Each structure stands twice: as C-alpha cells, then as structure tokens.
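*Asks:* compute the structure for the input listed below.
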Amino acid sequence: MVVLLVTGEMSLGAMAMVGVATTVERLAPGSMRFAGVTGVVLIAVGVLIIARAQGVQ
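*Replies:* Numbers count the residues shown, from 1 in each chain. Down below sits the predicted model:
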C-alpha cells in the first residue's frame, strides 16, 4: 500500500477504506456476508467508472 501511495496510484482515503474493509472482513462475525456485499459493490463501482469513461451516462 505504501508503494501505491508513493507512486501516486492510490489516494490515502482509498487506502484507508481498503484497510477498514479488510479489518471488518477478518474480525466481524458475519464476515462472509460482508465480503460478498463488498465484492458486489466494488464490481458495480468498477462498471460505473468504465461506463463513464466511455461516455455512457
């Protein structure tokens, strides 16, 4: 994560969110459900970013 921050490929806020999500996935009682929801949300965000880059609104 430090390398990504130093090279400018990732913001500190994004790294903090990833760190929190990883911690919750490891420590929460319903971690498998949280991991599934997190995966779906990240895929949806990725699709939206790609669509916006292509000019689809």
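*Asks:* and the strand or helix carrying Ala21, what other elements does it pack with?
*Replies:* In this structure, Ala21 sits in helix 12-27 according to DSSP states H and E. Contact analysis of helix 12-27 by 3 or more CB pairs under 8 Å, 6 or more residues apart in numbering; DSSP states H and E lists helix 2-6, helix 31-53 as its packing neighbours. Bear in mind the C-beta positions are built from the backbone N, C-alpha and C, glycine included.
*Asks:* show me where pLDDT drops low in the chain?
*Replies:* The model of the chain has pLDDT under 70 over residues 1-7, 9, 57.
*Asks:* possible to save the helices and strands packed on helix 12-27 as JSON lines with distance to Leu12?
*Replies:* Below are the helices and strands packed on helix 12-27 laid out as JSON lines (distance: least, CB to CB, whole Å):
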{"stretch": "helix 2-6", "distance to Leu12": "6"}
{"stretch": "helix 31-53", "distance to Leu12": "18"}
